[in-house]
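> This is a predicted model, with the sequence first.
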Amino acid sequence: MEPTLNDTALSTLLSLHDAGELKRADRLTEPGARARWRLTTTSGAYLLTLVEDRPFWDLVHEKDLVLFLAAQRDALGGLEVPDPLPNVARGYFFPIETRYAWLMRFPRGRQLGVFELDAEACRQVGAALGRLHRVARRFRGHRRHSARPAVLREWLRAARGAPGEDVQQAVAEAHAELAWLRRPLGRLLPRGTLHGAPGLPAFRFHHGVLCHVGELGESSSGPLVADVGAALCHWGFTADGADAHRCGALLAAYDAQRALSPAERGALYAYARLGALRLLVGHLRDYELRQRADEPQGYRAFTPFLALLRVLRGMGRAGFRALWPDGWRR
């Protein structure tokens, strides 16, 4: 465990919550779980998240959204969302040096492995995302979408000096993709609160049934179709190509909960490419500029995301439309 999360720090944190006494702490190793621990106490299991590189107001936005969604569980079809524990001061965050920690009840279920993805899982994810967008349109919080081209351009500028011809090739292709996206992303489309990171770690299943939606740290305000395009990248595509059954199931289920307008359907291809670009550029930033040097044992290659971007670019609009559910093609 990191030095800042020693027994004294954990005991102090738990003493501020109605969470019992610590029995053991286990760092999570599942994909997507960074700086998180499962705390087993005398009163149950809790998830401790240590947050870095985010301003406090950003954490408050996530907390406010979580509490708002928790009050709308029936409208979400019974889906659970993160359940943070207030402390004795009726706050939620605990400062540890320059970072903040917060405690929540450990969620049910587990995230699926890539080998478990099928059309039924994608159908459930699409329906959950559609419900989330419908419910969260009443949420009044605001945070700018982190996948905006201007933000990605800044990340690429930082990656320009990263070593390796393979990295510089990826940077060059990402710049070309940004240039292509300039026109199709300029349309006015329905906006609302986005999940922001609708990948596998965000959805937990229990015996094959989707039961929990989390990972809301990237939630923001923006075109709702951006979430749909990003979800397709995670759930319907691999570096080798697209799965038409999974893509069609996700889109049809989403559309049944919140109908996509003709303009959104027309823009979906561009937003899928934006989702792939966000994955690639974020990975370049996090691993090529930071983790390869700081934590070489945790390094993950960016090449699958570059391959995903190439798959989407190579299929073109016509190939992408072939993935649509049957009802959209009439």
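It's in.

> Pull the contacting residues for the residue positioned nearest the centre of the chain.
Nearest residue to the geometric centre of the chain (CA atoms, centre = their mean): Ala197, 1.7 Å. Residues in contact with Ala197, defined by CB atoms under 8 Å, 6 or more residues apart in numbering, are Glu215, Gly217, Glu218, Ala230. Placement of C-beta: from N, CA and C, glycine included.

> Redo these as TSV? Include distance to Leu323 and secondary structure.
Below are the contacts of Ala197 laid out as TSV (distance: CB to CB, whole Å; DSSP: H, G, I helix; E, B strand; the rest coil):
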residue	distance to Leu323	secondary structure
Glu215	25	coil
Gly217	29	helix
Glu218	25	helix
Ala230	15	helix
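
> out of those, what pair is the most spread apart?
Within the contacts of Ala197, Gly217 and Ala230 form the most distant pair, 14.3 Å apart (CB to CB).

> Looking at these two, which one has more neighbours?
Ala230 (26 against 18; other CB atoms under 10 Å).

> Let me know the distance separating Trp57 from Gly236.
Taking CB to CB, to the nearest Å as the measure, Trp57 falls 34 Å from Gly236.

> hang on, the residue nearest to the centre of the chain is in a helix, isn't it?
No. Note on Ala197: no helix contains this position according to DSSP: H, G, I helix; E, B strand; the rest coil, which reports coil.

> Torsion angles phi and psi at it?
Main-chain torsions, Ala197, degrees, to the nearest 10: phi -150, psi 70.

> now the one 3 residues further on
Leu200 has phi and psi values of phi -60, psi -40 when expressed as degrees, to the nearest 10.

> Tell me, how many residues neighbour it?
20.

> now swap in Ala89 and tell me
A count of nearby residues for Ala89, using other CB under 10 Å, gives 7.

> Return the distance of the closest residue to it other than its chain neighbours relative to Ala101.
Spatial nearest neighbour of Ala89, chain neighbours left out: Leu16 (7.5 Å); criterion: CB to CB, 6 or more residues apart in numbering. With distances taken as CB to CB, Leu16 is found 11 Å from Ala101.

> Overlap in contacts, those two.
The overlap between the contact sets of Leu16 and Ala101 (CB under 8 Å, 6+ apart) consists of Phe94.

> neighbour-wise, which of the two wins?
The neighbour comparison of Leu16 against Ala101 (other CB under 10 Å) goes to Ala101, with 21 against 15.

> now the stretch 1-150 of the chain, which segments are flagged as low pLDDT?
Scanning the stretch 1-150 of the chain for pLDDT under 70 picks out the ranges 1-4, 30-34.

> 80 - rerun?
Counting by pLDDT under 80, the stretch 1-150 of the chain contains low-confidence ranges at 1-7, 29-34, 52-53, 97-98, 144-147.

> What ranges does the stretch 151-300 of the chain have for its helices?
For the stretch 151-300 of the chain, the helices defined by DSSP state H, counting those that start in this stretch occupy 165-181, 225-235, 244-257, 262-283, 292-294.

> in the longest one, what's buried?
This points to helix 262-283. For helix 262-283, the neighbour count (16 or more other CB atoms under 10 Å) marks 264-283 as buried.

> Wasn't Ser146 part of a strand?
No. Assigned with three-state DSSP, Ser146 falls outside any strand and is coil.

> Just give the number of residues close to it.
Applying other CB under 10 Å, we find 18 residues neighbouring Ser146.

> Also Glu215?
Neighbour tally, Glu215, other CB under 10 Å: 22.

> what is the mean pLDDT for stretch 201-209?
On average, the pLDDT along stretch 201-209 is 96.

> my bad, should have said stretch 265-273
96.

> Which residue of Trp57 and Gly236 possesses the greater neighbour count?
Gly236 (24 against 8).

> I'd assumed Asp243 was in contact with the more buried one.
Yes. If you go by CB atoms under 8 Å, Gly236 and Asp243 touch, sitting 5.7 Å apart.

> what does stretch 122-141 contact?
Applying CB under 8 Å, 6+ apart, the external contacts of stretch 122-141 come out as 61, 64-65, 68-69, 72, 75-77, 79, 192-195, 198, 203, 205, 209-210, 213, 224, 227-228, 231, 235-236, 246-247, 249-258.

> Which positions within that stretch qualify as buried?
Buried positions in stretch 122-141, judged by neighbour count with 16+ other CB under 10 Å: 122-136, 139, 141.
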